[in-house]
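S.K.: just the structure for this:
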Amino acid sequence: MHVLRITDLTDPRLADYSNLTDVALRRVSEPAGGLYIAESSKVLARALAVGHTPRSVLLQEQWLDDLAPMLDSFDVPVFVAPAALLESLTGYNLHRGALAAMHRPPLAPVSEVLRDARRVVVLEDIVDHTNVGAIFRSVAGLGADAVLITPRCADPLYRRSVRVSMGTVLQVPWTRLADWPLGAQQLRASGFHIAALALSPTAVELDDFAASPPERIALVLGTEGDGLSGAALEAADTVVTIPMQHGVDSLNVASASAVALYALRIR
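M.R.: This next block holds a predicted model:
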């Protein structure tokens, strides 16, 4: 690593970190530029542990000694600056240790992600980055094996998704389906029973489905407002519902994922 103490913001390599509060700019620069932002020393450590490569790191002086051991082997600039200068650059108080501009790894083929999996989650068109991150955290914490996302689903490596997931989006195998619901055919050909989590008068209650679960399950979760599409429901082998009480019709999709994954965990 090359430690560079900065006193102004003219270095063009700092452009990766500028205007981080501008949602439109992040959407353009992170996915299209082949980068994602790792926020906090914990997330950076997880990214490095799974083999992701930084392009640069930005931190306060107080964090340099703590992070130096994990960055020593990388030929990258490590920008060190006072808190006030970093806040003027990024638009917020950098208090989680570090920001790092990370190179995005190539997405794995769907067949590779599915090969050894027994529990897979499919995210259909979920657009809220907080929900995406929370679902990944449930997947990691409750022992599911992988996540597949549909073409219109939000980016798991968006900064908020990575942060909410506590970096688990960096350790859970995932990839993007090229087409949906045609992708259901590949799931079924790989031996997965497709379980759509949805409200339906004909749905099987989760407890009943979990009492004798199929060996390989692909749990499909739908978008926040409308739930699963009609095409996704038609592609499912079973529609599963979480029974609710006290007039509540459903849970937030991230909460529902945690309930379902716990019930369907490998025992």
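S.K.: quick check, pLDDT for Ala47.
M.R.: pLDDT, Ala47: 95.
S.K.: please apply the same query to Val78.
M.R.: Note for Val78: predicted pLDDT of 96.
S.K.: and it, that's in a helix?
M.R.: No. Using DSSP: H, G, I helix; E, B strand; the rest coil, the assignment for Val78 is strand, not a helix.
S.K.: the stretch 1-150 of the chain: strands as residue ranges?
M.R.: According to DSSP state E, counting those that start in this stretch, the stretch 1-150 of the chain carries its strands in the segments 2-5, 35-39, 54-59, 77-80, 98-103, 119-123, 146-149.
S.K.: could you dump those to a markdown table with distance to Met244 and mean neighbour count?
M.R.: Any C-beta I mention is one placed from the backbone N, CA and C, and that applies to glycine too. Converted to a markdown table, the strands of the stretch 1-150 of the chain look like this (distance: least, C-beta to C-beta, whole Å; neighbours: other C-beta atoms under 10 Å):
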| stretch | distance to Met244 | mean neighbour count |
| --- | --- | --- |
| strand 2-5 | 55 | 12 |
| strand 35-39 | 35 | 24 |
| strand 54-59 | 45 | 22 |
| strand 77-80 | 50 | 21 |
| strand 98-103 | 40 | 24 |
| strand 119-123 | 21 | 26 |
| strand 146-149 | 25 | 24 |
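S.K.: could I get the ones you listed as a markdown table with distance to Val240?
M.R.: Below are these laid out as a markdown table (distance: least, C-beta to C-beta, whole Å):
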| stretch | distance to Val240 |
| --- | --- |
| strand 2-5 | 53 |
| strand 35-39 | 33 |
| strand 54-59 | 41 |
| strand 77-80 | 48 |
| strand 98-103 | 36 |
| strand 119-123 | 13 |
| strand 146-149 | 17 |
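S.K.: so His246: helix, strand or coil?
M.R.: coil.
S.K.: so the chain: which segments form each domain?
M.R.: What automatic domain parsing lists as the domains of the chain is 2-103, 110-263.
S.K.: let me know the average pLDDT across the longest one.
M.R.: Just to be clear, that refers to domain 110-263. Across domain 110-263, pLDDT averages out at 95.
S.K.: can you give me the end-to-end distance of that domain?
M.R.: Length of domain 110-263, first residue to last, C-alpha to C-alpha, to the nearest Å: 25 Å.
S.K.: helices along the stretch 51-200 of the chain, start to end?
M.R.: For the stretch 51-200 of the chain, the helices defined by DSSP state H, counting those that start in this stretch occupy 64-71, 83-90, 110-114, 129-141, 159-164, 183-189.
S.K.: pull out the buried residues from the third one.
M.R.: Meaning helix 110-114. Neighbour-count burial for helix 110-114 flags 110, 113-114 (criterion: 16 or more other C-beta atoms under 10 Å).
S.K.: before we move on, what about the longest one?
M.R.: Within helix 129-141, the residues that count as buried by 16+ other C-beta under 10 Å are 129-140.
S.K.: just the pLDDT at Met70, thanks.
M.R.: 94.
S.K.: tell me the spacing between the residue lying closest to it once chain neighbours are set aside and Val169.
M.R.: Counting by C-beta to C-beta, 6 or more residues apart in numbering, Met70 lies nearest to Leu48, which is 5.6 Å off, once chain neighbours are set aside. Using C-beta to C-beta, to the nearest Å, Leu48 is found at 15 Å from Val169.
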